[in-house]
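Asks: fold the following for me, if possible:
(one chain, ligands or ions: 2)
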Amino acid sequence: MTERIFLFAGTSEGRLCGEFLSEAGFPADVFVATEYGKEIFPERPGLTVHEGRLGAAEMEVAFPEGCIVIDATHPYAREVSANLKAACKNRNAVYLRLLRPAGDGDLSGCVIVESAEAAADWLDRREGSVLLTTGSKELCAFAELRGFSERFYARVLPSGEAISQCRELGLSPKHIIAMQGPFSAELNAALLRQVGAKYLVTKDAGREGGFLEKLAAARRCGVTAVVIARPREAGLSLEQVKEELRRRFGGKKPAASPEVPRFPAFIDLNGKPVLVVGGGEIASRRVETLLHFGASITVVAPDGSAAVEALAHGGKIRWERREYRDDLASRYVLAIAATTDRAVNRAVGEAAKALRIPVSVADSREESSFYFPAVVAEGNLIGGFVSKDGKGHSLVREQTEKVRRFLRENLSGK
Ligand SMILES: C[C@@]1(CC(=O)O)C2=NC(=C\c3[nH]c(c(CCC(=O)O)c3CC(=O)O)Cc3[nH]c(c(CC(=O)O)c3CCC(=O)O)/C=C3\N/C(=C\2)[C@@H](CCC(=O)O)[C@]3(C)CC(=O)O)/[C@H]1CCC(=O)O
Ligand SMILES: NC(=O)c1ccc[n+]([C@@H]2O[C@H](COP(=O)([O-])OP(=O)(O)OC[C@H]3O[C@@H](n4cnc5c(N)ncnc54)[C@H](O)[C@@H]3O)[C@@H](O)[C@H]2O)c1
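Replies: Ligands and ions are numbered 1, 2, ... in the order given. Predicted structure coming up:
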């Protein structure tokens, strides 16, 4: 048996390493922590991308004995690295730490602290606005400080999760900058001036992380950079990791991730709120199916088919005649995105996943956390068909029709 490769990514090195694996024909399972991380990890042949944070116990279950684990997580993601190391030890797996070199910037004039908490403590004893560029997860270290919501501006990733975290901790939209870096020194300087910052809080995220551009901007604007020191850790460069993999596999290939089909769950929708965004042909087909299962359906769409019109008129569904406004409510138990607008469908998918609501996105199997099945309901039997890979739409349609006919004939009178 050839070993499998697991890559924990989410950083630029992680992406480069993924690129290398794909080009070398090395299949791998890639893990990214957030949905946003998955989105920016380009789809590549041979790579199976999983989203979500695994705990130590889950990692241990996921790793087959003797596999190879590449840890390309952020240099500050201490907990993940500790978990990966422990899981690898218990599974006799090879642990390769892919670590970007430190930023080796000129730290003169900077305040160096050991942790986000130490940075918060230092800032608590000073006045003036602060631009935080340490990510949404570190925010809570600062949230308790007096004047947090007035003094602090947070620059975070433009993901629903990060923005809600900022909002929950009390930052108003005016104090949130949602963009993906790394940023130029010019843009950093413009933001520092825009918020009237006196302090900039940053980690030493290395050259690739845009650390040097942050230092340069702070210096240019007369802003004090508060640098959270990097944990001391040994690691390999991307080149060294590539070398190690080539050496291990020689002409052989790692084993591919086994294809796992989706589990057909039969859930109770009776009387439960279901949201359908879009009111056209596809949405109508879904609505009609869902009504058989007692769902309490709300359609959100500026215009709809004759079927939607009739159902709304007859009081069978609720129809909000408007565009979707990024307002998915958590009370829904299921969501369908079936508009002709790609951006809207994607937004519904993301909002639903953030709320852990199963969602089918009519124009993207990747973004669908469940596939809408071709439903078979004959006699006392209920079934639903999808293709294993979610690509066989016509096959599903044709074959399901045959199954329906078959069951109708066989079950007549039963
Ligand atoms: C089962 C069924 C249920 C239903 O829709 O009610 C269903 N698709 C059906 C038919 C069908 N769909 C399409 C065609 C046109 C021909 C073709 O392209 O081949 C035909 C065939 C036809 O109409 O003849 C187009 C299409 N569909 C999806 C994409 C996007 C993509 O693939 O990423 C595109 C390209 C559209 C675009 O981008 O413009 C995606 C999805 N469609 C799914 C379900 C989910 C996966 C299930 C699976 O296929 O395994 C999934 C992943 C997500 C979801 O929607 O939940 C239904 C049969 C119902 C029945 O017969 O009773
Ligand atoms: N999964 C499948 O089986 C399948 C099959 C064919 C097509 N598709 C895809 O499904 C999608 C819908 O196709 P259709 O044939 O139903 O289109 P359609 O033109 O019949 O309907 C589009 C609907 O989207 C609504 N809409 C547009 N912008 C909106 C917004 N901002 N907010 C809310 N609603 C909005 C419109 O009001 C309309 O009701 C397309 O993306 C298409 O590619 C999926």
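Asks: which residue is nearest the middle of the chain?
Replies: Nearest to the mean C-alpha position of the chain, by C-alpha atoms, centre = their mean, lies Glu35 at 0.7 Å.
Asks: I'd say that one and Ala354 touch.
Replies: Yes: in this structure, Glu35 is within contact of Ala354 by C-beta atoms under 8 Å, at 7.4 Å. (Each C-beta comes from the backbone N, C-alpha and C, glycine too.)
Asks: what is in contact with those two at once?
Replies: Taking C-beta atoms under 8 Å, 6 or more residues apart in numbering as the criterion, Glu35 and Ala354 both touch Glu161.
Asks: interface residues of the chain facing ligand 1?
Replies: 285-286, 360, 362-365, 368, 371-374, 386-387, 390-394, 396-397, 400 (C-beta under 6 Å from any ligand atom).
Asks: whichever residue of the stretch 1-150 of the chain sits closest to ligand 1 and Ala343, how far apart?
Replies: Proximity of the stretch 1-150 of the chain to ligand 1 (C-beta to the nearest ligand atom) peaks at Glu43, 11.9 Å away. From Glu43 across to Ala343, the span is 19 Å (C-beta to C-beta, to the nearest Å).
Asks: what does Ala283 give?
Replies: Ala283 sits 17 Å away from Ala343, going by C-beta to C-beta.
Asks: just want to know which of these two has more residues nearby.
Replies: Ala283 (25 against 8; other C-beta atoms under 10 Å).
Asks: next up, the contacts around the more buried one.
Replies: Val276, Val277, Val299, Ala301, Gly304, Ser305, Val308, Ile336, Ala338, Thr339, Ala362.
Asks: now, those that are in strands?
Replies: The strands, defined by DSSP state E, take in Val276, Val277, Val299, Ile336 from those.
Asks: okay, and the beta partners of the last one?
Replies: The residues listed as beta-bridge partners of Ile336 by DSSP bridges are Val276, Ser360.
Asks: contacting residues for it?
Replies: Val274, Leu275, Val276, Val277, Gly278, Ala283, Arg286, Leu290, Val359, Ser360, Ala362, Phe372.
Asks: greatest separation within those: which pair is it?
Replies: Longest distance between any two of the contacts of Ile336 is 14.6 Å, between Val274 and Ala362; criterion C-beta to C-beta.
Asks: just to revisit the earlier point, now, the most widely separated pair of the ones in strands among the contacts of Ala283?
Replies: Farthest-apart pair in the ones in strands among the contacts of Ala283 is Val299 and Ile336; separation 9.3 Å (C-beta to C-beta).
Asks: can you list residues touching both of these two?
Replies: Residues within reach of Val299 and of Ile336 at once, by C-beta under 8 Å, 6+ apart, are Val276, Val277, Gly278, Ala283.
Asks: how much space separates the first one from Gly390?
Replies: Which is Val276. Counting by C-beta to C-beta, the gap from Val276 to Gly390 is 20 Å.
Asks: ditto for Asp124
Replies: Going from Asp124 to Gly390 by C-beta to C-beta gives 51 Å.
Asks: TSV for the ones in strands among the contacts of Ala283, including distance to Ile163 and pLDDT?
Replies: As requested, these are exported to TSV (distance: C-beta to C-beta, whole Å; pLDDT from 0 to 100):
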residue	distance to Ile163	pLDDT
Val276	25	98
Val277	20	98
Val299	27	98
Ile336	24	98
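Asks: now tabulate those residues in TSV and tack on distance to Arg247.
Replies: Below are the ones in strands among the contacts of Ala283 laid out as TSV (distance: C-beta to C-beta, whole Å):
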residue	distance to Arg247
Val276	54
Val277	51
Val299	58
Ile336	49
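Asks: what is the nearest of those to ligand 2?
Replies: Checking the ones in strands among the contacts of Ala283 against ligand 2 with C-beta to the nearest ligand atom, the nearest one is Val277 at 5.2 Å.
Asks: that closest one: neighbour count?
Replies: If you count neighbours by other C-beta under 10 Å, Val277 ends up with 29.
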